[in-house]
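Trainee: make a model of this:
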Amino acid sequence: MSNPTPGDNSRTSLDWPGTYMGILPCANCEGILTEVRLKADNTYEIATQYLSKSKEINRKKGAIEWDASGNSIRLVGANQPSGDLHYQVGENWLLQLDPKGNRIEGELADLYRLAKYNSDSDVREKYWKLIELRGKPISLGEEQQREAHLILKFDGRIVGSTGCNRMMGSYTLENENRIRFSQIASTLMACYDVPYEQDFLRALEQVDNYTLQKDTLSLAKADNTTPLARFVVVYLH
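Mentor: Here you go, the predicted model:
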């Protein structure tokens, strides 16, 4: 890669420095929680965690190299020994490319997108960890493999975990912080160490509004004074 020629491109026209987050596809886990920090001095930090497989957080840092067009970057040394990581840079998003810097093809292609983190306004594409259910604190049980969480995908899907089973469904966002969940379902593994699983699923079905205060998301029903569920965003850095 080389310095881009002057002109209208991502490097010169976009406010690209910042933190980008998302859950990328994984062949043998629930997803790869990914957080990329791009800095104005053309360096990066990246942190990844393989959900449901390991609690270890992998961290790398190094130099950013732009391609000749100024629209894509290479994170040097980010994915050794299999190679560097390549991303197309867009308006408030990164799209992971293949090892040769080309777009990933197939039905999962759109899932390789990371969203620029904005703590003040957007609830989407963030890993929300359940911390409270109907006013009662939630903690990880001694034998519990997964923590209860959800991610609101840009395409209107929900992915996450009840704390035991994988969870899926749909949601819609409306004006004035209105939110609706539908088609909520989960896998059917027995969950002896997660007594709140069904209550969590029922709470999502009743929710009609949300409140976002920096790193805390509260889901509520209009006629309830106590939030049905509260979450905190999980950072890898």
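
Trainee: how's the protein carved up into domains?
Mentor: The chain resolves into domains spanning 10-116, 128-233 when parsed by automatic domain parsing.

Trainee: nearest residue to residue 56 in space, please, no chain neighbours.
Mentor: Computed as CB to CB, 6 or more residues apart in numbering, the closest residue to residue 56 that is not its neighbour in sequence is residue 49, at 7.0 Å. In short, each C-beta sits where N, CA and C put it, glycine included.

Trainee: name the element that neighbour belongs to?
Mentor: Under the criterion of DSSP states H and E, residue 49 resides in strand 43-50.

Trainee: from the contact counts, what lies against that strand?
Mentor: Strand 43-50 sits against strand 32-38, strand 58-66, with contacts defined as 3 or more CB pairs under 8 Å, 6 or more residues apart in numbering; DSSP states H and E.

Trainee: out of these, the one nearest residue 231 is which?
Mentor: For residue 231, the closest of those is strand 32-38, at 14.7 Å, according to CB to CB.

Trainee: got a list of contacts for that closest one?
Mentor: Here strand 32-38 makes contact (CB atoms under 8 Å, 6 or more residues apart in numbering) with 16-26, 44-51, 64, 73, 75, 87, 94, 114, 127, 234-237.

Trainee: return the most buried member of the helices and strands packed on strand 43-50.
Mentor: strand 32-38 (a mean of 21; mean count of other CB atoms under 10 Å).

Trainee: pairing partners for it, with directions?
Mentor: Here strand 32-38 has these sheet partners by DSSP bridges: strand 18-24 (antiparallel), strand 43-50 (antiparallel).

Trainee: and the longest helix for the protein?
Mentor: Looking across the chain with DSSP state H, the single longest helix is helix 197-206.

Trainee: mind giving me the packing neighbours of it?
Mentor: When contacts are defined as 3+ CB pairs under 8 Å, 6+ apart, helix 197-206 packs onto strand 128-133, strand 178-186, strand 229-233.

Trainee: which SSE is immediately downstream of that helix?
Mentor: strand 209-213.

Trainee: so how far is that next one from its chain's centroid?
Mentor: 18 Å (CA atoms, centre = their mean, to the nearest Å).

Trainee: contact partners of that strand?
Mentor: Residues contacting strand 209-213 (CB under 8 Å, 6+ apart): 120-121, 123, 176-179, 217-222, 227.

Trainee: give the buried residues for it.
Mentor: Buried residues in strand 209-213, counted by 16 or more other CB atoms under 10 Å: 209-210, 212.

Trainee: just send these back as CSV, with pLDDT too.
Mentor: Shown next, in CSV, are those (pLDDT from 0 to 100):
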residue, pLDDT
209, 95
210, 95
212, 92
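
Trainee: let me know the closest of these to residue 40.
Mentor: residue 212 (27.1 Å).

Trainee: re the thing from before, what's opposite the residue nearest to residue 56 in the beta bridge?
Mentor: As for beta bridges, residue 49 partners with residue 33 under DSSP bridges.

Trainee: list the contacts of it.
Mentor: Residue 49 neighbours (CB under 8 Å, 6+ apart): 32-33, 55-58, 236.

Trainee: pick out the residue nearest the middle of this structure.
Mentor: Among the residues of the chain, the one closest to the centroid is residue 22, at 3.0 Å (CA atoms, centre = their mean).

Trainee: for the protein, what are the low-confidence residue spans?
Mentor: Confidence mapping of the chain against pLDDT under 70 gives the ranges 1-7, 80-82, 119-120, 237.
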